[in-house]
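*Asks:* Structure of the sequence below:
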Amino acid sequence: MKVVIIFIMAMFFPGILHGATTYIDECTPSNVQSAHDSASDGDTIQLRCNTSGPGTWTSGVTITKAVTISGQGPSSTQITRGISDSTPIFLISPTSDKNIRITGIHFYTEQTSFQVAIGVSGNSYGLKNVRIDNNKFTNGDLNIRIYGYAYPLIDNNTFINTEIPIHIKGDNESGWNRPIQPGSQNAVYIENNSFYIGDYPTCAADAVIYVDSQDGGSRQVIRWNNFTSECTYTNTETTPCSGSSCFAQITNDHGNAPWETGDRGVVMTEAYNNQITLYGSGQVFCARGGVQIIHSNTVNVGSGGLSRFLYIYEEDTGSSPYLQDQVTNSFIWNNTITGSYSSLIYNSDPTVVRENYEYFLAAPAASGQGYTKWGSVLPGDTGDKGGTNGEFVSGASAFYPYTIYTCPHPLTGLTGVCNASIAGTDGYNWQAQRRMNNINAIGVRFN
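*Replies:* Numbering: from 1, shown residues only. This is a model prediction of the structure:
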């Protein structure tokens, strides 16, 4: 290992303070951990080893400081996972909110179950300045796993044949007691990523390409990503799947049916402007609880067919029609489906999750919709939402006027815009992409 001091200006690299860079040529876990432990906030640890350099890691690295861990790009820097349990390769676990970044690394595993590449663990302070970007994840299960009060940015990564690329578990009661307000910074942001699944072993798994917010008061925004599933076979290698036997959903948002004592359901999912290409699937989105704001997605369905765009499956406790953490104050609109599908929405319990009460097939409006209280707590307020849902109040919707959060996310440092009329990664940071295309075409920059 050798150390070179450089200065990085925060104005050019948001989320990174100026500091020293440590170059590591022998990328073992102990060398990386040692470099981290010797670093100061704002430093960068640069992995200079090539794909044969890091070898197989049998232990992980814990990150508690405001540092950047940077490879030389996924095509040059690969870490192969050899850890026998669910210990992450990198565990981000500071004692306060810090600017932490992991970028430019290929995480590879031959294993499938609970093989975590990056873990993010928040606490009462909340993590809102963590960025995971420009990495590649091949194979494995739960590649990025988020626990507690943590709202990282996950952007510009590639996921290939991963069973559950991103798993999110919030901080339960505390997550529900904070204001529920779409279009704010307070969520895990998943943007400008590419998810691809295409070979049999992963197609046969319980989940294919989804972001799994299992439970625990999580909040997530999924936008301007590309999701592609070419899975033709699911349960066997010889029988093509059809409709619901094709399992290629994007989200799986659970209610409060407890996996562990004290678990709460998902608080909120926003999913918009994603490009989704499927051979077939039972559903694209699965909502078992929480606020669902799903709009402006483009879905292309192959010959396997699609049973429904959104599956509403009630998974909460309480007295009907107001159950704790149930799907409510939700809006589904302006989604485009090309190909064969049976229904836009399948609602397994329409007496509890009622159209034009708990969910609307329209954008939030100033009148004619209304909202459901959480007990006595209004949408957007701070307070105990531990009881069952309360009364329905007619009039304006819960989240009118609705606007999306800044795109690209401020942590990227990008100054372009995201084009609401173009789904997927092509619409992300659209002005900058168009400007770069002009430069590439004729060698002249157009401002």
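*Asks:* residues in contact with Gln185?
*Replies:* By Cβ atoms under 8 Å, 6 or more residues apart in numbering, the residues touching Gln185 are Lys128, Tyr151, Tyr405. No exception for glycine: its C-beta is placed from N, CA and C like everyone else's.
*Asks:* Kindly report the same for Glu191.
*Replies:* When contacts are counted by Cβ under 8 Å, 6+ apart, Glu191 touches Leu153, Ile154, Asp155, Val221, Ile222, Arg223, Trp224, Asn225, Cys407, Pro408, His409, Tyr428.
*Asks:* residue boundaries of the helices in the protein?
*Replies:* 29-38, 172-177, 200-203, 430-442 (DSSP state H).
*Asks:* ok, now how distant is Gly386 from Asn329?
*Replies:* 17 Å (Cβ to Cβ, to the nearest Å).
*Asks:* my bad, Tyr400
*Replies:* 11 Å.
*Asks:* Who has more neighbours out of the two?
*Replies:* Asn329 (27 against 15; other Cβ atoms under 10 Å).
*Asks:* if we can go back for a sec, of the contacts of Glu191, closest to Ala187?
*Replies:* Lowest distance from Ala187 to the contacts of Glu191 (Cβ to Cβ) belongs to Val221, with 4.8 Å.
*Asks:* okay, now the closest one: neighbour count?
*Replies:* Residues near Val221, counting by other Cβ under 10 Å: 26.
*Asks:* May I have the residues that are in contact with it?
*Replies:* Val221 touches Ala187, Val188, Tyr189, Ile190, Glu191, Thr269, Glu270, Ala271, Tyr405, counting by Cβ under 8 Å, 6+ apart.
*Asks:* for stretch 382-401, which positions count as buried?
*Replies:* By neighbour count on 16 or more other Cβ atoms under 10 Å, the buried set for stretch 382-401 is Lys385, Thr388, Asn389, Phe392, Ala396, Ser397, Ala398, Phe399.
*Asks:* Report the beta-bridge partners for the spatially most central residue of the chain.
*Replies:* The chain has Ile190 as the residue nearest its centroid, 4.0 Å off, counting by Cα atoms, centre = their mean. Per DSSP bridges, the residues bridged to Ile190 are Ile154, Ile222.
*Asks:* low pLDDT regions in the chain?
*Replies:* Residues of the chain that meet the criterion pLDDT under 70 lie in 1-18, 50-54, 111-113, 199-215, 233-239, 243-245, 247, 258-261, 318-322, 431-447.
*Asks:* longest strand of it?
*Replies:* Longest strand in the chain, counting residues (DSSP state E): strand 298-312.
*Asks:* Tabulate the contacts of Val221 (CSV), appending distance to Gly290.
*Replies:* Shown next, in CSV, are those (distance: Cβ to Cβ, whole Å):
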residue, distance to Gly290
Ala187, 12
Val188, 14
Tyr189, 17
Ile190, 16
Glu191, 20
Thr269, 7
Glu270, 11
Ala271, 12
Tyr405, 18
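*Asks:* Turn the buried ones among these into a named ChimeraX selection, would you?
*Replies:* ChimeraX command restricting those to the buried ones, with burial defined by 16+ other Cβ under 10 Å:
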select :187,188,189,190,191,269,270,271,405
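*Asks:* nearest to Arg81, of the contacts of Val221?
*Replies:* Ile190 (21.6 Å).
*Asks:* Go ahead and confirm the closest one touches Ile154.
*Replies:* Yes - using Cβ atoms under 8 Å, Ile190 is in contact with Ile154, at 4.9 Å.
*Asks:* Quickly list what's touching both of the two.
*Replies:* Overlap between the contact sets of Ile190 and Ile154, as judged by Cβ under 8 Å, 6+ apart, is given by Ile166.
*Asks:* that older thread, export the contacts of Gln185 to JSON lines and tack on distance to Asn134?
*Replies:* Below are the contacts of Gln185 laid out as JSON lines (distance: Cβ to Cβ, whole Å):
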{"residue": "Lys128", "distance to Asn134": "20"}
{"residue": "Tyr151", "distance to Asn134": "19"}
{"residue": "Tyr405", "distance to Asn134": "21"}
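*Asks:* Closest one to Phe107 out of the residues you listed, please.
*Replies:* Tyr151 (21.6 Å).
*Asks:* ok now do that closest one, which residues does it touch?
*Replies:* Contacts of Tyr151 by Cβ under 8 Å, 6+ apart are Gly122, Gly126, Leu127, Lys128, Gln185, Asn186, Ala187, Val188, Tyr189, Arg219.
*Asks:* Leu47 bridge partners, please.
*Replies:* With DSSP bridges as the rule, Leu47 is bridged to Ile24.
*Asks:* Surely it and Pro29 touch.
*Replies:* No - using Cβ under 8 Å, Leu47 makes no contact with Pro29, being 11.5 Å away.
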